[in-house]
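1. Build me a model from this:
(4 chains)
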Protein chains: 2
Amino acid sequence: MPKAIYETIYKDLKQKIENDVFAYQELLPSENTLIRTYDCSRNTLRRAVSLLVTDGYVQTMQGKGVRNIYQPITQTAFTIGEIESFRESALRNGHHPHTSVLLFTEFAISEKQAQTTGFPAGTQIYYIQRLHYLDDMPLILNHNYFLKEAVPGLTKEIAENSIYHYLENTLHMTIVNSKRIMTVEKMTQIDEKYLKMNAEDYNCMAVVSSQTYNSDGVMFEYTQSRHRPDHFRFYDNAVRKSV
Amino acid sequence: MPKAIYETIYKDLKQKIENDVFAYQELLPSENTLIRTYDCSRNTLRRAVSLLVTDGYVQTMQGKGVRNIYQPITQTAFTIGEIESFRESALRNGHHPHTSVLLFTEFAISEKQAQTTGFPAGTQIYYIQRLHYLDDMPLILNHNYFLKEAVPGLTKEIAENSIYHYLENTLHMTIVNSKRIMTVEKMTQIDEKYLKMNAEDYNCMAVVSSQTYNSDGVMFEYTQSRHRPDHFRFYDNAVRKSV
DNA sequence: CCTCTAAACTTGTTTAAACAAGTAATTGAC
DNA sequence: GTCAATTACTTGTTTAAACAAGTTTAGAGG
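-> Predicted coordinates:
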């Protein structure tokens, strides 16, 4: 439910672009025209358009106008690009997600783990191993580390469904941002076993390590997601800075 | 050279955060304080802060303040995150870059190539294969497709230095944005040969495919960058949308 | 017809003001 | 002293206006 006006305009324009109301490479109506269309101020409209720019949907050109450069993405197996749970992302793309919990335990962070996770040594955490299926095919092996004091009452049952749904709707936590690092790592025997991969074929995994913060500013989650290399895609739109 | 006020403030705050003027997890001075510091309007200051948010440097909390969540990145071999040429990125991280041109040719796009590159079939392009070295170690094998009519006068000599420098300073082209897709692909014999990899070890490459647009809205470049998996890192900061 | 100039567009930056909404501190009643 | 209400903060959204800078169009003059 978008409450802000600029969000409503953003979603409307985005939807119009996706549905070819504006042709590829054509200019959108000018700011003044759109201001009259949506009956809003110039700033509010510009804010909506700037969101489209960061999405890579349009390109603004001073003195000229706003050009539509959106092209639909062909055959997306799995996409990341914003903070979305596996379940949200799968449903958005019309797939049937399913999660199985391989391990649900809790312990304190060691010195070595402090290096990789970013949690201070000694921190009490929940450690969860989960396997994410898309249409009955195992795609992602997740290693989740949740800060125990920030995520109380987490159970195996919750982990089988959506942890983020629990955090947001039951604990009323607000998830804010997530720092992610993409790397490629050697496949382990655990990867091979659970993802039913053959190291004779691919011997690497696409790995996304992320640190996630809530609105209290505490890093409450460190996760390493190990993706099947043949079903991994990561989309990004970069904007050239003015140096 | 930042001409805009918000850019100047952004860079100043960014530099202060990187140099620990504000402690990790502490609040930055309030908007009103910073407005007095920089003698600017509230909008201008907020615009600067919003850039820090997208960088993952700070986190804003309504009613509370702006918290510093910047942590320096440990051991960065190679980083992407904005549109930067290999040369720019290397120099920024204090390394010695070097580029060798393996192939410099031109032809017309075939039907099959049109699928992958996004150029219409028949388009005249420059095709360049380049090997990027960092401190004398070959790290990236690049396949560049440049639209000939948008990049006239490209030579092997220019390709050995910085193509982007030529585009911006000689042709006065403005590079705007770049759509990128990260995938993991099997290592080819060409990869193996030039990057001096052994397929017995890693048999995959980190691949970044990108379509780059200039300020005329034309896609003038398609590039496939094949990175050594053991020296590849991709940083990203994702912000949770309000759903 | 061509060229130069001026006007009429376009987006980019900045300021000012008002109100909304969330949080922290202060005050006052008990 | 405790607790609740008020006040004073904080960031979030929206409007209005002015100027800057780049591009296109229209028109005047030759």
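
2. quick one: the host helix or strand of A:Y213 to strand B:204-214, angle?
-> With elements taken from DSSP states H and E, the one containing A:Y213 is strand A:204-214. Note on geometry: by axes from the mean of the first three to the mean of the last three Cα atoms, to 10 degrees, strand A:204-214 and strand B:204-214 are set 60 degrees apart in direction.

3. in its sheet, what does whichever helix or strand comes after strand A:204-214 sit against?
-> For strand A:204-214, the following helix or strand on the C-terminal side (DSSP H and E) is strand A:219-227. The pairing partners recorded for strand A:219-227 under DSSP bridges are strand A:137-147 (antiparallel), strand A:204-214 (antiparallel).

4. And DNA strand D, is stretch A:11-24 touching that?
-> No: Stretch A:11-24 does not reach DNA strand D (Cβ under 7 Å from any atom of the strand); its nearest approach is 12.4 Å. For glycine as for every other residue, the C-beta is placed from the backbone atoms N, C-alpha and C.

5. quick one, strands of chain A?
-> A:58-61, A:65-68, A:79-80, A:97-108, A:124-134, A:137-147, A:175-186, A:204-214, A:219-227, A:233-239 (DSSP state E).

6. would TSV of these with mean neighbour count be doable?
-> Below are the strands of chain A laid out as TSV (neighbours: other Cβ atoms under 10 Å in any protein chain shown):
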stretch	mean neighbour count
strand A:58-61	20
strand A:65-68	21
strand A:79-80	20
strand A:97-108	14
strand A:124-134	19
strand A:137-147	21
strand A:175-186	20
strand A:204-214	22
strand A:219-227	22
strand A:233-239	18
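
7. Compare these and report which one is nearest to A:E31.
-> Judged by Cβ to Cβ, the one of those that comes nearest to A:E31 is strand A:65-68, at 8.0 Å.

8. Can you confirm whether the closest one lies near chain B?
-> Yes: residues of strand A:65-68 are located near chain B by Cβ under 8 Å from any Cβ of the partner chain, namely A:R67.

9. C-alpha coordinates for that strand, CSV please?
-> C-alpha atoms of strand A:65-68 as CSV (Å, rounded to 0.1, in the frame of the first residue of the first chain):
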residue,chain,number,x,y,z
GLY,A,65,13.3,15.0,-21.9
VAL,A,66,12.9,11.5,-20.3
ARG,A,67,13.6,8.5,-22.5
ASN,A,68,12.2,5.1,-22.0
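
10. so A:H95 makes contact with A:L134?
-> Yes: using Cβ atoms under 8 Å as the test, A:H95 is close enough to A:L134 to be in contact (5.1 Å).

11. follow-up on the earlier one: show me the one of the strands of chain A that comes nearest B:Y57.
-> strand A:175-186 (10.3 Å).

12. So is that closest one next to DNA strand D?
-> No: using Cβ under 7 Å from any atom of the strand, strand A:175-186 stays clear of DNA strand D, with a minimum separation of 9.7 Å.

13. go on, stretch A:58-65?
-> Yes: under the criterion of Cβ under 7 Å from any atom of the strand, DNA strand D is reached by stretch A:58-65 at A:61-64.

14. Counting neighbours, which of these comes out on top?
-> When neighbours are counted by other Cβ atoms under 10 Å in any protein chain shown, A:M61 leads the residues of stretch A:58-65 next to DNA strand D with 15 neighbours.

15. wait, what's in contact with A:V58?
-> By Cβ atoms under 8 Å, 6 or more residues apart in numbering or on different chains, A:V58 lies in contact with A:17, A:28, A:49, A:52, A:66-70.

16. Name whatever forms a beta bridge with it.
-> A:N68.

17. Please tell me how far it sits from A:E18.
-> Noted for A:V58: a distance of 12 Å to A:E18, by Cβ to Cβ, to the nearest Å.

18. shared neighbours, these two?
-> By Cβ under 8 Å, 6+ apart, the residues touching both A:V58 and A:E18 are A:Y70.

19. before we move on, back to that, would JSON lines of the residues of stretch A:58-65 next to DNA strand D with distance to B:S41 and pLDDT be doable?
-> Formatted as JSON lines, those follow (distance: Cβ to Cβ, whole Å; pLDDT from 0 to 100):
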{"residue": "A:M61", "distance to B:S41": "26", "pLDDT": "92"}
{"residue": "A:Q62", "distance to B:S41": "21", "pLDDT": "92"}
{"residue": "A:G63", "distance to B:S41": "25", "pLDDT": "93"}
{"residue": "A:K64", "distance to B:S41": "28", "pLDDT": "93"}
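
20. what does chain A have sitting close to DNA strand D?
-> Within chain A, the positions near DNA strand D by Cβ under 7 Å from any atom of the strand are A:4-7, A:40-44, A:47, A:61-64.

21. for chain A, what are the low-confidence residue spans?
-> Counting by pLDDT under 70, chain A has low-confidence residues at A:1-2, A:73-85, A:87-90, A:241-243.

22. Counting neighbours, what do you get for A:T155?
-> 11.

23. Contacts only, for the residue nearest to A:V218 when sequence neighbours are not counted.
-> Excluding its sequence neighbours, the residue lying closest to A:V218 (Cβ to Cβ, 6 or more residues apart in numbering or on different chains) is A:A150, at 5.8 Å. Applying Cβ under 8 Å, 6+ apart, we find A:A150 in contact with A:173, A:214, A:216, A:218, A:220.

24. These: which two are farthest apart?
-> A:M173 and A:V218 (9.9 Å).

25. measure the closest residue to A:S110 other than its chain neighbours to DNA strand C for me?
-> Spatial nearest neighbour of A:S110, chain neighbours left out: A:A121 (6.3 Å); criterion: Cβ to Cβ, 6+ apart. From A:A121 across to DNA strand C, the span is 28 Å (Cβ to the nearest atom of the strand, to the nearest Å).

26. Repeat that for A:A150.
-> A:A150 is 15 Å from DNA strand C, by Cβ to the nearest atom of the strand.

27. what about that residue, distance to A:K179?
-> 17 Å.

28. picking up where we left off before, and the strand holding A:Y213, C-alpha only, in CSV?
-> What follows is strand A:204-214, C-alpha atoms only, in CSV (Å, rounded to 0.1, in the frame of the first residue of the first chain):
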residue,chain,number,x,y,z
CYS,A,204,31.8,-23.7,-8.3
MET,A,205,28.9,-21.9,-6.5
ALA,A,206,27.6,-18.4,-6.8
VAL,A,207,27.8,-17.1,-3.2
VAL,A,208,25.9,-14.0,-1.8
SER,A,209,27.0,-13.0,1.6
SER,A,210,24.9,-10.4,3.3
GLN,A,211,24.7,-8.4,6.5
THR,A,212,21.2,-7.1,7.2
TYR,A,213,20.2,-4.2,9.5
ASN,A,214,16.9,-3.3,11.1
